[in-house]
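Trainee: Just the structure for this:
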Amino acid sequence: MNVEVQSELGASENGARWLPAGEDLFGDHRGLGVSHIDFKLVPPDEEGVFVIENVFHAKGGPARHLHHEQDEWFMVLEGEFLIEVGQESRRLGPGDSLLAPRRVPHVWAHIGDGRGRILIAFLPAGRMEAFFRQVTGANAMPPQDPALWADHGMQLLGPPLPVEQS
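Mentor: Numbering: from 1, shown residues only. Okay, here's the model as predicted:
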């Protein structure tokens, strides 16, 4: 049996990538105030798939927005989330997933008690990696600055979902 040796970044000789739970692909910490994100899959260009894990320690989420060129796929790993896509609203728990198609307004929030974890994929990646690199420097949810969102291929449409803090 030939066992591939992995490098520090988790890439094996055959190109497979391994990333332990709770770790960022680059070993960085990216805060969003009520949560932090780990980059899980970063494509070599804007055409690939960009995947993040968003881990919440408090209730909340981003502002209502839409992506002009990306579909956004959500899969809940832990906790409870409320996601609105267009006029539809759904509560998602562990194992549930939902696709928010491009050009359809959406907003979401962690609403459960305790920790929440959600996996999010952007297809294609577009400028989402650059967006998260920029906004996590402030350790707060992305500001409601229409120009910032537009610079990254999105349109800001309204405030975050109201959530009651425990």
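Trainee: Return the distance of Glu164 relative to Met141.
Mentor: As judged by Cβ to Cβ, to the nearest Å, Glu164 and Met141 stand 17 Å apart. Quick note: C-beta positions are derived from backbone N, CA and C, even for glycine.
Trainee: neighbour-wise, which of these two wins?
Mentor: Counting neighbours by other Cβ atoms under 10 Å for Glu164 and for Met141 shows that Met141 has the greater number, 17 against 6.
Trainee: I'd say the more buried one and Leu32 touch.
Mentor: Yes. Met141 lies in contact with Leu32 (Cβ atoms under 8 Å); the separation is 5.5 Å.
Trainee: Quick check: neighbours shared by those two?
Mentor: Here Met141 and Leu32 have Val135 as joint contacts, going by Cβ atoms under 8 Å, 6 or more residues apart in numbering.
Trainee: Could you check the pLDDT of Glu4?
Mentor: As summarised for this prediction, Glu4 has a pLDDT of 42.
Trainee: what's around the closest residue to Gly60 other than its chain neighbours, how many residues?
Mentor: Closest residue to Gly60 apart from its sequence neighbours, by Cβ to Cβ, 6 or more residues apart in numbering: Val34 at 4.0 Å. As a burial measure, the neighbour count of Val34 was computed by other Cβ under 10 Å and equals 20.
Trainee: Can you name the residues that contact Val34?
Mentor: Taking Cβ under 8 Å, 6+ apart as the definition of contact, the neighbours of Val34 are 56-61, 110, 141.
Trainee: Kindly recompute the last result at 6 Å.
Mentor: With contacts taken as Cβ atoms under 6 Å, 6 or more residues apart in numbering, Val34 has the following neighbours: 56, 58, 60.
Trainee: residue ranges with poor pLDDT in this structure?
Mentor: Screening the chain residue by residue with the criterion pLDDT under 70, one finds the ranges 1-12, 166.
Trainee: Fine by me, thanks again.
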